[in-house]
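[1] generate a structure from the sequence data that follows.
(chains A and B)
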Amino acid sequence: MTTEPRLVEVRKNVLKQNDIIARALRERFREAGVLAVSLVSSPGSGKTAFLEKTLTLLQGRYRVAALVGDLATENDAARLARSQAPVKQILTGTVCHLEAAMVQNALEGWDLAQLDFLFIENVGNLVCPSSYDLGEDLRFVLLSVTEGEDKPLKYPTIFNSADVAVITKSDLAAAVEFDEALARRNIQAVRPGMEVFKLSAKTGEGMSEYFEFLESRRARSRAASAAAK
Amino acid sequence: MHELSIAMSIVEMAQEESERQGNAQVMAVHLRLGQLSGVVKEALLSSYEMACEATPLAGSRLLIEEIPVEVFCPTCDGPRMVDSIQWFCCPDCGTPTPTVLHGKELEVVALEIRE
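    The predicted model follows:
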């Protein structure tokens, strides 16, 4: 005998497992007073150069560390390690994005209280990383001047999921006739009010405004952490 | 392409629920999919078929309800639907609208089962 089908309510977030781990990570970052910043962008937009410059310039004044995700090769970790900061490569194999559990595993054995900044470089991809919360305090989306001003309109979901936009390779802007005003308009269209920095990791142009921002956000998260204790 | 791993999570969730319901046969899974979830409907549908293969859910259907992006307009003081996800502003008054109320959903809402 076959009965009629019936409906059973479930109401469960498909990424619940990831979100639970991400929440726990965010709580750990807050307790340790470390500012966690993740970087997303398409491949080749300058994430690693930007991060290497960031680590090198912050090193000495602050305690910094980085996790870097790639499908294969440890090349990026080797590049970043030149900054002398602790760096760990996360190899994702065939997975096109980082998930909170990968970050959690990579942090095993690290004393977060000994850090001021933790950077997490995602796999180069403007689609998949948008669905996964990594527990980061801030998500930076990078856009290089060579990619074209309409990237935000082509990938609105990832730009909308980010907190800060960074226009990279500004030293090449003139050569590729980059229309900065248009790029900024497109960023604001998909994420109104988003903070935007334009800089060059190569020449150092624009890096100081960006560092001021990082420092003020770190001070803010330190204060929140102290208030919670 | 992360739709396959998402489809596998959906199948796993549905299987757990069907076990709770006395191993009932799952005919369909109802899913709410936001326009800003970062998941592509067509890719998810074909991934779902693959993920079901050789599981008790083989042959079941994935029914997707697409959730448009709803934002809060501070000028109109209320929820509004954006005309396009390339333009986050109020369709009535043009105010930029950073606050997203709906559109990020990726949620299994119900199962259609047969005992």
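[2] alpha carbons only for contacts and neighbour counts from here, please
    OK.
[3] residues in contact with the longest helix that chain B contains?
    Secondary structure of chain B per DSSP state H: the longest helix is helix B:3-20. Residues outside helix B:3-20 that contact it (C-alpha atoms under 8 Å, 6 or more residues apart in numbering or on different chains): A:10, A:14-15, B:24-26, B:29, B:39-40, B:43-44, B:47-48, B:50-52, B:56-57, B:108, B:111, B:113.
[4] skipping adjacent residues, who's closest to residue B:40 in space?
    Spatial nearest neighbour of residue B:40, chain neighbours left out: residue B:3 (7.4 Å); criterion: C-alpha to C-alpha, 6 or more residues apart in numbering or on different chains.
[5] can you name the residues of chain B that neighbour chain A?
    Counting by C-alpha under 8 Å from any C-alpha of the partner chain, the positions of chain B adjacent to chain A are B:1-2, B:6, B:9-10, B:13, B:17, B:27, B:36-39, B:85-89, B:96-98, B:105-115.
[6] thinking again about what came up before, ok, the residue nearest to residue B:40 to residue A:58 distance?
    In this view, residue B:3 and residue A:58 are 38 Å apart by C-alpha to C-alpha, to the nearest Å.
[7] when those two are compared, which one has more neighbours?
    More neighbours surround residue B:3 than the other of residue B:3 and residue A:58, with 20 against 17 (other C-alpha atoms under 10 Å in any protein chain shown).
[8] ok, the more buried one to residue A:59 distance?
    Relative to residue A:59, and taking C-alpha to C-alpha, residue B:3 is found at 39 Å.
[9] contacting residues for residue A:74?
    Contacts of residue A:74 (C-alpha under 8 Å, 6+ apart): A:89, A:91.
[10] does residue A:90 touch residue A:68 like I think?
    Yes - counting by C-alpha atoms under 8 Å, residue A:90 touches residue A:68, with 5.8 Å between them.
[11] got phi/psi on residue B:29?
    When quoted as degrees, to the nearest 10, the phi and psi of residue B:29 stand at phi -120, psi 130.
[12] next: residue A:118.
    According to degrees, to the nearest 10, residue A:118 has phi -120, psi 120.
[13] okay, now it: neighbour count?
    23.
[14] wait, what's in contact with residue 33?
    Just so you know, I chose chain A. Residues in contact with residue A:33 (C-alpha under 8 Å, 6+ apart) are A:113, A:115-116, A:221-222, A:225-226.
[15] not what I meant, chain B
    With C-alpha under 8 Å, 6+ apart as the criterion, the residues that contact residue B:33 are B:39, B:41, B:64-67, B:103-107.
[16] buried ones only from the residues you listed, please, as a ChimeraX command.
    Per 16 or more other C-alpha atoms under 10 Å in any protein chain shown, the buried members of the contacts of residue B:33 correspond to this ChimeraX selection:
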select /B:39,41,64,67,103,104,105,106,107
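[17] tabulate the contacts of residue B:33 (TSV), appending distance to residue A:145 and secondary structure.
    Shown next, in TSV, are these (distance: C-alpha to C-alpha, whole Å; DSSP: H, G, I helix; E, B strand; the rest coil):
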residue	distance to residue A:145	secondary structure
B:39	27	coil
B:41	31	helix
B:64	38	strand
B:65	38	strand
B:66	34	strand
B:67	33	strand
B:103	30	coil
B:104	29	coil
B:105	32	coil
B:106	33	strand
B:107	37	strand
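[18] that older thread, buried ones in the longest helix of chain B?
    Residues B:3-4, B:6-15, B:17-18 are the ones in helix B:3-20 that count as buried (16+ other C-alpha under 10 Å).
[19] okay if I get those as JSON lines plus distance to residue A:130?
    Compiled in JSON lines, the buried residues of helix B:3-20 are given as follows (distance: C-alpha to C-alpha, whole Å):
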{"residue": "B:3", "distance to residue A:130": "13"}
{"residue": "B:4", "distance to residue A:130": "16"}
{"residue": "B:6", "distance to residue A:130": "13"}
{"residue": "B:7", "distance to residue A:130": "17"}
{"residue": "B:8", "distance to residue A:130": "18"}
{"residue": "B:9", "distance to residue A:130": "17"}
{"residue": "B:10", "distance to residue A:130": "18"}
{"residue": "B:11", "distance to residue A:130": "22"}
{"residue": "B:12", "distance to residue A:130": "22"}
{"residue": "B:13", "distance to residue A:130": "22"}
{"residue": "B:14", "distance to residue A:130": "24"}
{"residue": "B:15", "distance to residue A:130": "27"}
{"residue": "B:17", "distance to residue A:130": "28"}
{"residue": "B:18", "distance to residue A:130": "30"}
